[in-house]
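> Structure for this input, please:
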Amino acid sequence: MRSRLVWFSTLLLAAVPAWAQFTQDTSGASPTPAIRDIRPPLDVFPYPTWMVATAAAIGAVIVALLSVAIIRAMRNRPKTPPPTAREIALRRLNEAGADIERIEPYAFSIRVSDILRQYISAQYNLHAPEQTSQEFLAEAAKSPHFTGADKDLLADFLERCDLIKFAHVNATTDDSRGLLAQAVRFVDGSRAVQFTPDFAGARRGAP
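Numbering: from 1, shown residues only. Down below sits the predicted model:
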């Protein structure tokens, strides 16, 4: 019995230093640190301020120079002048000539006569569209813009138009070409050369 007590006491004495060591380590341990939230990523601009300012200034200068260049180019761009009365009349006569085969001589004479009257009204400030042929010829006779050849050509042209429009002569496509040639020659300035279509057969066939 005594031997057992001695063995137990020895075992207890051996365990005390280990327990004291464990207790000392536990009491000296640091507390568990608190868990913090993850911080957002830090945006670090890679270029210095002076470099950004210099680039902005250079960009502003380039934009200003381009704006000045564009404005100067627009101001110096040649402006297309508006077409003259002669150019408009010649273009309309050319368009009428392209339709000469499919337009009846009666309608064609009206079309060509209107073009020539509107040209004279715009070019010489005469009230040609509102006047009859006799009124227009009387006013043209007083105008200093027309020579004797001009007046003869206008008189012949208007007479032939009136024959087709009012006398209802049997005009043909050739007669339409004759009226077109007279109108073109008057407008483009070659007025001394006159084309005289033969209306004799048409007059004989008139009722």
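> do you know how far residue 184 is from residue 127?
Distance, residue 184 to residue 127, using C-beta to C-beta, to the nearest Å: 23 Å. The way it works is simple: take the backbone N, C-alpha and C, and place the C-beta from them, glycine included.
> which stretches of this structure form helices?
With DSSP state H as the criterion, the chain has helices at 2-27, 49-76, 85-98, 105-124, 133-142, 148-165, 173-188, 200-205.
> Give me the more crowded residue out of residue 184 and residue 127.
The residue with more neighbours, out of residue 184 and residue 127, is residue 184; 20 against 12, by other C-beta atoms under 10 Å.
> Which pLDDT value does the model give the nearest residue to that one once chain neighbours are set aside?
Leaving aside its sequence neighbours, residue 184 sits nearest to residue 93 (C-beta to C-beta, 6 or more residues apart in numbering; 5.4 Å). Reported pLDDT at residue 93 in the predicted model: 95.
> Isn't residue 93 up against residue 183?
Yes. Using C-beta atoms under 8 Å, residue 93 is in contact with residue 183, at 5.7 Å.
> Neighbour count: these two, which is higher?
Higher neighbour count among residue 93 and residue 183: residue 183, with 25 against 22, using other C-beta under 10 Å.
> wait, what's in contact with that one?
Applying C-beta atoms under 8 Å, 6 or more residues apart in numbering to residue 183 gives the contacts 93, 112, 115, 116, 157.
> same thing but at 10 Å, please
Going by C-beta atoms under 10 Å, 6 or more residues apart in numbering, residue 183 touches 89-90, 92-93, 96-97, 111-113, 115-116, 119, 153, 157, 161.
> I'd like the distance from it to residue 60, if you could.
The value you get for residue 183 to residue 60, if C-beta to C-beta is used, is 61 Å.
> still on that earlier bit, out of the helices of the chain, which gets nearest to residue 38?
Among the helices of the chain, the nearest to residue 38 by C-beta to C-beta is helix 49-76 (29.9 Å).
> helices or strands up against the closest one?
Packed against helix 49-76 by the contact rule (3 or more C-beta pairs under 10 Å, 6 or more residues apart in numbering; DSSP states H and E) you find no helix or strand.
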